[in-house]
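>>> show me the folded form of this:
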Amino acid sequence: MQGLFRGVKIATGCPPVSHLFFADDSLIFFRVSLEESIRVKECLTAYERALGQIVNFEKSTLSFSQNTNPNLIEMVKVLFSILVVQRHNLYLGLPTISLKSKRAQFRYLVERVIRKIQGWENKSFSTGAREVMIKAVLQSIPTYAMQCFRIPSTVCEDIERECANFWWGMESGKRRMHWQTWDFLCKPKVRGGLGFRKLVEFNRALLAKQLWRIIQNPETLVSRILKGGYFKHVTVMKACLGSNPSYIWRSLLWSRQILEEGLIWRIGNGKSIDICSESPCSVLLQDNKEMVEDNRVFGLLKAVKNSNTLDVCLWMKNHLSKREFEEFAMQTWACWKEKQKYIHGDRTKYIIDNISWGHAMLQKFRGAKNMGKFNAIETRNKSEAVWIAPDFDKLKLNVDASVNKNLNKATVGGVLRDYQGRLLMAFCGGNRFRLGSASSYG
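The predicted structure is shown next:
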């Protein structure tokens with residue numbers, strides 16, 4: 001029976017959806033035409049014959065889009081003998097239509113919490129039992145809806161108010177004094193609170209988890225539908241809100257900041273990374289396995305993200321060896337160089353090629369530095385002058401001067417040190433002169 005009816009699309013480029021099945025709560029989508037209606041009827045009849053189960057049309061309902069021809073609605077209604085409704089209010093406990101007033105749409109969550117508390121009015125709970133009932137029952141009621149929608153803050157505040165009233169209890173039909181704020185009770189127990197949830201933050205975390213599933217599982221139906229409707233040519237992390245977006249998409253983008261603060265790229269060949277637009281804090285080199293497995297990498301990323309330049313330098317001084325610091329500095333400079341080339345319209349390298357270039361430059365730098373050391377050793381061996389420390393209670397001043405007759409310029413300098421060789425003061429100065437004259441320095 002595959003392909004007998006086409007289903008519906010929410011946007012061009014999205015896969016068609018013909019059905020959503022979950023246990024005994026199922027939705028079937030088809031175009032309003034006599035041909036497709038008959039095919040759906042035949043599918044249901046074939047299902048009944050194959051499994052011996054009969055579809056209960058008395059508990060089923062039909063819903064049509066607003067621009068449907070009334071004659072076609074009547075035809076389909078007679079064919080299926082099913083009740084026609086303006087819209088399906090809930091599917092799996094979630095609203096199917098987005099209302100203008102989100103507070104009114106999700107008010108049912110507050111009402112469920114109130115009904116649950118009213119059922120406990122005649123029972124006596126200890127303090128520990130109240131804590132368990134709030135965490136395990138009351139605050140779990142909106143959890144399912146929070147995984148799909150952004151619940152208005154006013155609705156979350158209403159639920160938290162009911163939880164607070166239940167926690168402090170009632171006396172003679174009136175609520176008791178609240179000796180601590182709800183924000184204080186939401187703190188962890190190690191900080192003096194009780195560990196209750198802040199529903200707004202919990203809602204945002206659940207939506208961020210759904211967004212992460214879309215990134216990790218791009219082949220799922222919901223991922224393909226959202227990609228076709230909102231981010232065809234970019235990733236979900238760079239997607240815009242768009243025009244006339246659904247409330248689900250608005251809710252997912254509201255939670256995206258949580259992922260932006262915690263996500264890190266693991267670079268393979270570097271072809272999918274744009275170093276000119278990606279934050280340097282989000283790049284983690286996967287090729288260097290020792291560096292990836294070292295927790296200091298994550299400490300450095302945290303220091304770069306939350307601190308100033310001085311704090312980053314101090315962190316590197318305390319955690320990186322000299323060779324590691326040279327590696328970090330050279331690769332950072334290589335990335336900066338490529339970014340400047342991009343800004344000025346020059347051709348840039350792939351990031352893996354840029355890393356190789358940085359390694360080559362670092363080897364040249366170390367080779368030149370070692371060559372300078374050898375030259376310094378040879379020069380020092382040829383020189384017999386050795387600095388001699390002064391007595392314990394004295395200081396020693398060493399001076400030197402040079403004259404350039406071509407430029408008619410003289411320069412003098414000096415250093416003042418104690419008996420341990422510690423530098424106390426240094427000075428230098430220069431001045432032009434004419435032959436046969438003298439200049440003074442002070």
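>>> what pairs with whichever helix or strand residue 431 is part of, parallel or antiparallel?
Assigned by DSSP states H and E, residue 431 belongs to strand 423-432. Counting by DSSP bridges, the strands paired with strand 423-432 are strand 409-417 (antiparallel).
>>> not counting the strand it pairs with itself, show me its contacts.
With contacts defined as CB atoms under 8 Å, 6 or more residues apart in numbering, strand 409-417 is touched by 390, 395-404, 423-433, 439, 441. Glycine gets a C-beta too; all of them are placed from N, C-alpha and C.
>>> same deal with stretch 83-97?
With CB under 8 Å, 6+ apart, stretch 83-97 has contacts from 20, 22, 25, 27, 60-64, 73, 77, 105-106, 144-145, 148-149.
>>> counting neighbours, which of those end up buried?
Buried by 16 or more other CB atoms under 10 Å: 62, 64, 105, 106, 145, 148, 149, out of the contacts of stretch 83-97.
>>> how far away is the third one from residue 394?
Residue 105 sits 88 Å away from residue 394, taking CB to CB, to the nearest Å as the criterion.
>>> so, low pLDDT: which residues of the chain?
1-4, 171-173, 265-310, 347-352, 371-385, 432-442 (pLDDT under 70).
>>> quick check: which element contains the one residue sitting closest to the centre of it?
The chain has residue 259 as the residue nearest its centroid, 1.7 Å off, counting by CA atoms, centre = their mean. Residue 259 is part of helix 256-262, with elements assigned from DSSP H and E.
>>> how about the strands of the stretch 101-250 of the chain, start to end?
170-171, 174-175 (DSSP state E, counting those that start in this stretch).
>>> mind listing what residue 390 touches?
396, 417, 418, 419.
>>> same question, residue 175
With CB under 8 Å, 6+ apart, residue 175 has these contacts: 165, 168, 169.
>>> go through those and flag which are in helices.
165, 168 (DSSP state H).
>>> which of the contacts of residue 175 lies closest to residue 12?
For the contacts of residue 175, the closest approach to residue 12 (CB to CB) belongs to residue 165, at 50.1 Å.
>>> just give the closest residue to the closest one, not the sequence neighbours.
Leaving aside its sequence neighbours, residue 165 sits nearest to residue 175 (CB to CB, 6 or more residues apart in numbering; 5.0 Å).
>>> now do the helix holding residue 259: everything it contacts.
Contacts of helix 256-262 (CB under 8 Å, 6+ apart): 204, 205, 208, 211, 212, 215, 236, 237.
>>> can you redo those residues as TSV with neighbour count?
Written out in TSV, the entries for those read as follows (neighbours: other CB atoms under 10 Å):
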residue	neighbour count
204	20
205	14
208	20
211	20
212	16
215	13
236	19
237	13
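>>> TSV for those residues, including distance to residue 343?
Output for these, formatted as TSV (distance: CB to CB, whole Å):
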residue	distance to residue 343
204	35
205	37
208	33
211	31
212	33
215	29
236	27
237	23
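>>> helices - which of those land there?
Among those, the residues falling in helices (DSSP H) are 204, 205, 208, 211, 212, 215.
>>> redo those as JSON lines? Include distance to residue 222.
Formatted as JSON lines, these follow (distance: CB to CB, whole Å):
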{"residue": "204", "distance to residue 222": "19"}
{"residue": "205", "distance to residue 222": "19"}
{"residue": "208", "distance to residue 222": "15"}
{"residue": "211", "distance to residue 222": "11"}
{"residue": "212", "distance to residue 222": "13"}
{"residue": "215", "distance to residue 222": "12"}
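>>> for residue 226, state which of those is nearest.
After measuring those against residue 226 - CB to CB - the closest member comes out as residue 211, at 9.7 Å.
>>> from what I see, the closest one and residue 255 are in contact.
Yes: counting by CB atoms under 8 Å, residue 211 sits close enough to residue 255 to count as a contact (5.9 Å).
>>> need the contact list for residue 131.
Here residue 131 is in contact with 167, 194 (CB under 8 Å, 6+ apart).
>>> for residue 29, which residues are in contact?
Going by CB under 8 Å, 6+ apart, residue 29 touches 7, 8, 17, 18, 19.
>>> residues contacting the nearest residue to residue 184 once chain neighbours are set aside?
Nearest non-adjacent residue to residue 184, counting by CB to CB, 6+ apart: residue 193, 5.8 Å away. Counting by CB under 8 Å, 6+ apart, residue 193 makes contact with 184, 185, 186, 187.
>>> dump the residues you listed into TSV; add neighbour count as well.
TSV is the format used below for the contacts of residue 193 (neighbours: other CB under 10 Å):
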residue	neighbour count
184	13
185	21
186	17
187	15
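>>> now, which of those residues lie within helices?
Short answer: those in helices (DSSP H) are 184, 185.
>>> ok, the contacts of residue 193 vs residue 361, which is closest?
residue 187 (50.9 Å).
>>> domain ranges for this structure?
19-88, 102-197, 204-262, 265-365, 386-442 (automatic domain parsing).
>>> so for residue 12, which of the ones you listed sits nearest?
domain 204-262 (7.4 Å).
>>> coming back round to it: redo the strands of the stretch 101-250 of the chain as JSON lines? Include distance to residue 115.
Formatted as JSON lines, those follow (distance: least, CB to CB, whole Å):
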{"stretch": "strand 170-171", "distance to residue 115": "16"}
{"stretch": "strand 174-175", "distance to residue 115": "18"}
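>>> looking at those strands, which is closest to residue 99?
Closest among the strands of the stretch 101-250 of the chain, using CB to CB: strand 174-175, at 30.9 Å.
>>> how far off centre is the closest one?
In terms of CA atoms, centre = their mean, to the nearest Å, the centre of strand 174-175 is found 43 Å from the chain centre.
>>> who does that strand pair up with?
strand 170-171 (antiparallel).
>>> what segments of the stretch 51-200 of the chain are helices?
70-80, 102-105, 107-118, 127-133, 143-146, 153-168, 182-185, 199-216 (DSSP state H, counting those that start in this stretch).
>>> give me the contacts around the host helix or strand of residue 397.
Per DSSP H and E, residue 397 falls inside strand 396-404. Identification of contacts with strand 396-404 by CB under 8 Å, 6+ apart yields 387, 389-390, 409-418.
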